[in-house]
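Peer 1: give me a model of this one.
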Amino acid sequence: MRAEKILRVGLTGSIGMGKSTTAQLFRDQGIAVLDSDRVVHDLYCGAAVAPIAAAFPGVVVDGVVDRGRLGARVLGDQAAMERLEAIVHPLVWAARDAFIEERASRGDWIVVYDVPLLFETRTDKSVDAIIVVTASPEEQRKRVLARPGMTTEKFEAIVAKQTPDAEKRARADFVVDTGAGLDAAKAQVRHIIETLRERSRWDGL
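Peer 2: Residues are numbered from 1 along each chain as shown. Here you go, the predicted structure:
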């Protein structure tokens, strides 16, 4: 199967909505999932270290990009953020292309991109379908505030920076509501996979 014929699906959701759990449900169904956060983590330990060190002296500690220091350097500085994106984004795209080629060599018909900021980074333009993971605001707040070190202020600041859940759902092809429990989410994931499989057949993939 040629790489360009693989169905590319973007998976996203605001903090606390259950995106990571949903990504695992796709893996459990045999679907390859690329974790964009993991890609960036690996880059900050590898290929991105040298160019980031050159652009932002002092943010690399023991050969690894210190996210806290880097964040402090680019926070509120649009020019600095654009310099960082110019370094990281091409490396992320290259990793994604390599992932596609590798899965194509295995004969996969679909891959899922787990991207927390799918809309914010305009990655939605590079996928064939979008899945948004959601839950009620009450459930979201309860989940996030249960995390170690999380405060109401931190939670509200994070949410304020993300595309609103209602807008994400409006722009989605599919929605997975994790508020009804794991079994319901599993059923939704299976339905999405079957729907996409039928779509891929009609599209000649």
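Peer 1: my read: residue 44 touches residue 68, true?
Peer 2: No. Between residue 44 and residue 68 there is no contact under CB atoms under 8 Å: 11.7 Å. (Each C-beta comes from the backbone N, C-alpha and C, glycine too.)
Peer 1: quick one, which of the two is more surrounded?
Peer 2: residue 44 (19 against 10; other CB atoms under 10 Å).
Peer 1: how about the CA coordinates for the strand or helix carrying residue 155, as CSV?
Peer 2: Element membership of residue 155, judged by DSSP states H and E, is helix 152-161. Provided in CSV are the C-alpha atoms of helix 152-161 (Å, rounded to 0.1, in the frame of the first residue of the first chain):
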residue,chain,number,x,y,z
THR,A,152,-8.0,25.6,39.9
GLU,A,153,-5.9,28.5,38.6
LYS,A,154,-3.7,26.2,36.5
PHE,A,155,-6.6,24.4,35.1
GLU,A,156,-8.4,27.6,34.1
ALA,A,157,-5.3,29.0,32.5
ILE,A,158,-4.8,25.8,30.4
VAL,A,159,-8.4,25.7,29.3
ALA,A,160,-8.2,29.4,28.3
LYS,A,161,-5.4,28.7,25.9
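Peer 1: show the average pLDDT along the longest helix that the chain contains.
Peer 2: Scanning the chain for the longest helix, with DSSP state H as the assignment, gives helix 78-105. Mean per-residue pLDDT for helix 78-105: 92.
Peer 1: quick check: next helix or strand after it?
Peer 2: strand 110-114.
Peer 1: what's the first helix or strand after that next one?
Peer 2: strand 129-134.
Peer 1: hmm, who's touching whichever helix or strand comes after that following strand?
Peer 2: Toward the C-terminus, strand 129-134 is succeeded by helix 137-145 as the next helix or strand (DSSP H and E). If you take CB atoms under 8 Å, 6 or more residues apart in numbering as the criterion, helix 137-145 is touched by 14-18, 135, 150-152, 155, 158, 165, 178-179.
Peer 1: hmm, 10 Å instead?
Peer 2: 13-18, 134-136, 150-152, 154-156, 158-159, 165, 177-180 (CB atoms under 10 Å, 6 or more residues apart in numbering).
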